[in-house]
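K.L.:
predicted structure and sequence below. I'll ask about it afterward.
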Amino acid sequence: MIRLLLLLCVLATPVWAVEPSEMLDDPVLEARARTLSEGLRCPICRNESIDESHAALSKELRIILRERLVAGDTDAQAVDYMVQRYGEYILLNPQVNGVNWLLWGAGPLMLLAAIAIGATAIRKRGAGTQETLSDDEQARLKEILRD
Amino acid sequence: MLFRPELRYTFHMLNELAHFALILALGVALIQMILPMIGAATGRRSWMAIAEPAATTQVILVSFSFGVLMWAFIQSDFSLAIVYNNSHTAKPLLYKISGVWGNHEGSMLLWVYILTIFGASAAWFGGGLPEKLRARVLSVQASISVAFYLFILLTSNPFARLAVPPLNGLDLNPLLQDPGLAFHPPFLYLGYVGLSMSFSFAVAALIEGRVDAAWARWVRPWTLAAWMFLTVGIALGSWWAYYELGWGGFWFWDPVENASFMPWLIAAALLHSAIVVEKREALKSWTVLLAILAFGFSLLGTFIVRSGVLTSVHAFANDPERGVFILIILGVFTGGALTLYAARAGALEAKGIFGAVSRESGLVLNNILLAVSAFVVFIGTIWPLVAELTFGRTLSVGPPFFDAAFTPFMVALALVLPLGSMLSWKRGTLGKVWARLWPFAILALAIGSLAYAMQSGRSALGPIGAALGAWTVMGALVDLWQRAGRGDIKGRLGRLARLPGADWGKAAAHIGLGITVFGVAGITAWQQEDIRVANLNERFEVGSYSFELKDVSQIEGPNYLTTMGEVLVTKGTRDVATLYPEKRFYPVAQMPTTEAAIRNGILRDIYVVIGDAQADGGYTMRVYIKPFANWIWGGAMLMALGGFLSLTDRRLRMAAGAAKPKMKAVKV
C-alpha cells in the first residue's frame, strides 16, 4: 500500500513542485503562500511538504491554498481550512496542545534534568579538589606527560 | 551475451554454496558466542582461544558469500530473485555493483559482512587486550552476528532463486543510480556496525566489572572510526539529496536521516566522554551507558529503515515480519545490556576527581547537549507513532519542529565549545581561558554584525550562524596555537608541527563543525530562488547573475532518455558558465528524474533545474543561488579528517603496539 502511494507520488504526471503557472502575480501573497505550503504535508507522500512534492494532489492543495489567500484569508485561517479537511496530519509543525506538550517539552525538561544530575555529580566529586598544582608544577607535569 | 551456457551450472552451484556458507557462518558464530564466554568465566584458555580462528573463519565464509552475490550482479544472473528485481544488463558496471546493497537482502548481507570484519579486526589487532576481555568482546560480537545471520537466513535470503530465470531484470531505482548514493550505504553501515565494537567492549567490561584508562584507550579508536564513517556516510547522503532531488535541500529530518543522525550524535558524545575515562578515570559508568546507547540507536536505525514503520522516502522494505525480527534483536541487545548495566554499573568506581570548572565539566556539558539533542531527534522521530498508538492522534512531526527544538542545542554547543575545550583538566579557571579568547569573541560578534548589515535584513539566522561559525573556528585555532607553548614564532611553529595527532584531530574536527554551522546558516538564510517559464534566447536575472536558455536537445543515455538544456550564465559582461540541466526518463523503471546542473563555487553554487516543455515553446526552469553550500559538506569532511588524525595518534596505536611481544610469548 505504502509502496503504491510512493509510486503515485513519483509517477504523478507533473514532474515538478511549484510551477510557474500556479504562482500568484502579487509577490507578497505568493511569498506568504510559499511559506505556508512549506509547513503543510503532502497527504499521500512520505515526509514531503506540498511545496516540494511532485504529486498531483499537492499541486491541487497549493492552488487551493493560494485561492484562500487571494480570497482574503489570514495565514491562520488558510491553515485552519486545510486542517479541517485533512486533519492535523497535514501540519508538519505539530500543534502545541494536549499530549503534544510532551513532545515540545521533552527536550527542555531532559536538559534541565541532565544539568541537575550532572551538577550534583560534579559537586559531590569536586569536594576533594582543593589542593591543586601551581602553574609551574602544571607545566612541569605537562612536560613529563608528553614524554 | 550474459554468460556461456556451460558455465550456468557453475553459477548455480556457487549461489547454493554461498547460501550454505552463510549457514556455516551461523554455526561458527554460535561456537564463538558460547565457548569463549564460558572459557573466560571458568578460566579455560583453550576455550577462549577459539574466538580468534572463529572470527577469521566467519570473515572468510561471509566474504565468499558476499563475493558470489556481487559476481551474480556483475554477471546479471537473473536466476537470483534480488538480481532480477534490482538489476538490468544495460546498467553501468558501477551500479550493478552498488545494486548489491541497493536492496534489502543485499544490504543486510553487507551489514553482517562489515560486522564480521570488525569482529575479526578485534581478534587480529587486539593482541594487547587482556585475554579474558578479548574473549568476552569477541563472544558478544559473535552474538550480534548470530542474530543477524538468523535474520538473513530466516527472513531475507539474498540467494532466493527464481525457477525460470527471466531474460532481463527490472533495474535499480534510478534515484539510486548515482555515485554519491553508491557509496552512501557502505559508509553508513561501517559507522553503524563499527559502534557494535564499542557495545561489545561495554558489555564485556560490565561482565568483568572493570573499566579503566586502558579500556577507554581500546574503545576510543573503534568509536572514532565508526563516528568518522558515519560522518562521511551522512555527508554523502546529504550531498546526494542536494544535487539529485532537484531543489537543493540538504537535510529533511526524514526518519531515515534521523536514524543515522542519532547514533552520530551519541557516538560524538561517547568519543568525548571516553577521553575523560582515558585521561582521568572518571565518567566510567556514563561512558559505558553511552556505548550501549550508541549501538542501540544503530539497531533502532536499522529497524526504522528496514521495517518502514515510520514511512519515509527511503524505506523500501515494508515487511512486518522483518520489522518484528529486528525489533526483537533491538530489544534483546539493548534491553539485555541495559539490565546488565543496571546490575553492574555500581561496580565501576570513579578514581579521578575534578572541580566544577574544569575540562571534565566542559566535556560533561558537551555530553549533556549531544545526548539531549539526540533525545529530541528520537522523540520527534517516534512521536507520530506514539501519538497514534497511545493517544489516537494522527499527526506529523516535520522539519519545523526539529528546526525549533534541535537547533538551540547546537547553538549552545557552539557557544561553549571554545571555552570548554581550553579549560585545564581537573581544575580550571574560566578567567584564564576568557583572557585568551575575548578578542575573538568580539571579532566573531563583529563578523555577525557585518553579515547582518550586509544582508537585506530578513532573518537573524545567517548572522548568528556566521558569528557562531567564526567563534568555533577561531576558538579551535587559538587552542591549537596555545598548545604550541610559549616562545618565538619559529619555536612555536616547530612545536605545532610535532603536536600529537589527537591535538590536530581535535582542531580539525572543531573547525569542521564551525564551517558546517556557518554553511547551514548561510544557505538557509541567504538562498535566492527563481521559478519561471524560460523561453529560448531570453535573458533573465537572478541575484547578480543573468541566465539564458540557449538550446534544448533530446539525447539517449546508456539506460535512459534525457532532455538536456543549455543554459548560459553571465555576470555583467563576463561568461560564468554554461550549464546543462537534464530531465531524464528511465524506461525500464518507468521513472523520471531531474539532474540539476550545478556550478560549484567557494562562495556560492549556481543551481539550475529544467522542467517540462510548455505549449508556447518555453520550458519551466528553477534557478537558485545557494551561498556557502559546499561549506556544509566541506565542514563534514574536515570533521571526518579530524577523526582520522586522532586515529593516527601514537598514543592510541600504543595499545596495539604493546601487543606484539605478549602475543609471541603466548605462541611460544
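P.N.:
Received it, and whenever you're ready, just let me know what you need. Because the structure is predicted, anything quoted here is derived from the model rather than measured. Residues are numbered from 1 along each chain as shown, chains lettered A, B, ... in the order given.
K.L.:
where does chain B have low pLDDT?
P.N.:
B:1-11, B:308-320, B:456-458, B:651-668 (pLDDT under 70).
K.L.:
got the phi and psi for the one residue in chain A that gets nearest to chain B?
P.N.:
Nearest residue of chain A to chain B: A:Leu92, at 2.8 Å (C-beta to the nearest C-beta). Placement of C-beta: from N, CA and C, glycine included. Main-chain torsions, A:Leu92, degrees, to the nearest 10: phi -80, psi -20.
K.L.:
then B:Ile531?
P.N.:
For B:Ile531, the backbone dihedrals (degrees, to the nearest 10) come out as phi -120, psi 130.
K.L.:
same check on B:Asp77?
P.N.:
phi -80, psi 90.
K.L.:
any idea how far B:Glu105 is from it?
P.N.:
Remark: distance between B:Asp77 and B:Glu105 (C-beta to C-beta, to the nearest Å) = 14 Å.
K.L.:
next: B:Phe391.
P.N.:
Taking C-beta to C-beta, one finds B:Phe391 at 36 Å from B:Glu105.
K.L.:
and for the nearest residue to B:Leu190 once chain neighbours are set aside, the neighbour number?
P.N.:
Leaving aside its sequence neighbours, B:Leu190 sits nearest to B:Phe229 (C-beta to C-beta, 6 or more residues apart in numbering or on different chains; 3.7 Å). Using other C-beta atoms under 10 Å in any protein chain shown as the criterion, B:Phe229 is surrounded by 24 other residues.
K.L.:
packing partners of the host helix or strand of B:Phe229?
P.N.:
Taking DSSP states H and E as the definition, B:Phe229 sits inside helix B:213-244. If contacts are counted by 3 or more C-beta pairs under 8 Å, 6 or more residues apart in numbering or on different chains; DSSP states H and E, helix B:213-244 sits against helix B:179-182, helix B:184-208, helix B:255-280, helix B:284-307, strand B:591-595, helix B:629-647, helix B:650-657.
K.L.:
could you dump these to CSV with mean neighbour count?
P.N.:
Putting the helices and strands packed on helix B:213-244 into CSV (neighbours: other C-beta atoms under 10 Å in any protein chain shown) gives the following:
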stretch, mean neighbour count
helix B:179-182, 17
helix B:184-208, 25
helix B:255-280, 26
helix B:284-307, 26
strand B:591-595, 20
helix B:629-647, 23
helix B:650-657, 14
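K.L.:
so for B:Gln32, which of those sits nearest?
P.N.:
With C-beta to C-beta as the criterion, B:Gln32 lies closest to helix B:184-208 of the helices and strands packed on helix B:213-244, at 11.8 Å.
K.L.:
how far off helix B:213-244 does the closest one point, in degrees?
P.N.:
For helix B:184-208 against helix B:213-244, the angle by axes from the mean of the first three to the mean of the last three C-alpha atoms, to 10 degrees is 160 degrees.
K.L.:
tell me how far helix B:184-208 lies from the chain's centre.
P.N.:
13 Å (C-alpha atoms, centre = their mean, to the nearest Å).
K.L.:
same question, stretch B:535-549
P.N.:
Averaged C-alpha coordinates place stretch B:535-549 at 39 Å from its chain's average position (C-alpha atoms, centre = their mean).
K.L.:
of B:Phe391 and B:Glu105, who's got more company?
P.N.:
B:Glu105 (23 against 13).
K.L.:
hang on, the more buried one packs against B:Thr155?
P.N.:
No. Assessed by C-beta atoms under 8 Å, B:Glu105 is found out of contact with B:Thr155, at 9.2 Å.
K.L.:
ok, and the closest non-adjacent residue to the residue nearest in space to the middle of chain A?
P.N.:
Among the residues of chain A, the one closest to the centroid is A:Asn93, at 6.1 Å (C-alpha atoms, centre = their mean). Ranked by C-beta to C-beta, 6+ apart and with sequence neighbours excluded, the top spatial neighbour of A:Asn93 is B:Pro400, at 3.5 Å.
K.L.:
contact partners for the one you found?
P.N.:
By C-beta atoms under 8 Å, 6 or more residues apart in numbering or on different chains, the contact list for B:Pro400 reads A:39, A:92-93.
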